[in-house]
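what's the 3D shape of this:
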Amino acid sequence: MSTSLFVLIVDNQGGGMGAEQVTIDFVFNRHDHTEATFVPTISGTWQVNVTFATESLLGSNHHGGENIAGSPFMVQTSHDVTFAQESYATGIHHGVAGVASTFYIHARDAHRNVCNNDDGVYDEWAVILRDEASEHFVVGSLQYEEDGRYRASFVPKRAGKSSLSVTLNGVHIKGSPFDVLVVHGGLDGGASIVVAA
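This is a model prediction of the structure:
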């Protein structure tokens, strides 16, 4: 009975048979070594079980056999680069002229993993509110908080219909540009004038 092949079961649940199963690519070389590669799409901790497979297990749904030395192995994977088309914003409602409005940007990679700002380097985010009537615009600011979440804010200058663009390296996030209605702020005596009738 042959025991020359291995069965690898990889997941991110720590149990050997989790929610995410990936394809294993084998490369056999001439030095009695076997190289196996896999491409995870979920960031986090993966458990890699490497077991001997006998002829009776090959082609079956039964994943068993004796673990090789050191198996199972724990592998930590990180998120990919931030991907605009999978990132999204929450908390965008309306604005008040002269008052800061706040919302949140949630950074995700192409596989929807949370993109933490671990290295402290900001991606090229841009938050721009543009008044539809006059094309006047204001540039917003953002600050990284945690768990892939940025706190963004802008201060509208003019009441009326506006368009809020949120982009990453020039690419709009999901739903951008957003329609934002800016309403009048409180009366300002210093900015008010009297007009004779």
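
Is there a neighbour count for I128? I'd like the number.
Neighbour count of I128, defined by other C-beta atoms under 10 Å: 17. The C-beta positions use only the backbone N, C-alpha and C, and glycine is treated the same way.

which one is R112 nearest to, not counting chain neighbours?
Leaving out its chain neighbours, the residue that sits closest to R112 by C-beta to C-beta, 6 or more residues apart in numbering is E86, at 5.4 Å.

Tell me the spacing between the one you found and E145.
Here E86 is placed at a distance of 19 Å from E145 (C-beta to C-beta, to the nearest Å).

neighbour count winner among the two?
A direct count of neighbours by other C-beta under 10 Å for E86 and E145 places E86 higher, at 17 against 12.

who's in contact with the more buried one?
R108, D109, A110, H111, R112, K174 (C-beta atoms under 8 Å, 6 or more residues apart in numbering).

Look up phi and psi at A84.
The phi and psi values for A84, taken as degrees, to the nearest 10, are phi -60, psi -40.

Offset the numbering so it begins at 48, please.
Fine by me, first position is 48 from now on; the one you just mentioned is A131.

For it, report the pLDDT, please.
What the model reports for A131 is a pLDDT of 94.

hang on, isn't it packed against H219?
Yes: between A131 and H219 there is a contact at 6.5 Å, judged by C-beta atoms under 8 Å.

which two from the contacts of E133 end up farthest apart in space?
Taking every pair in the contacts of E133 and measuring C-beta to C-beta, the maximum separation is 14.8 Å, between H158 and K221.
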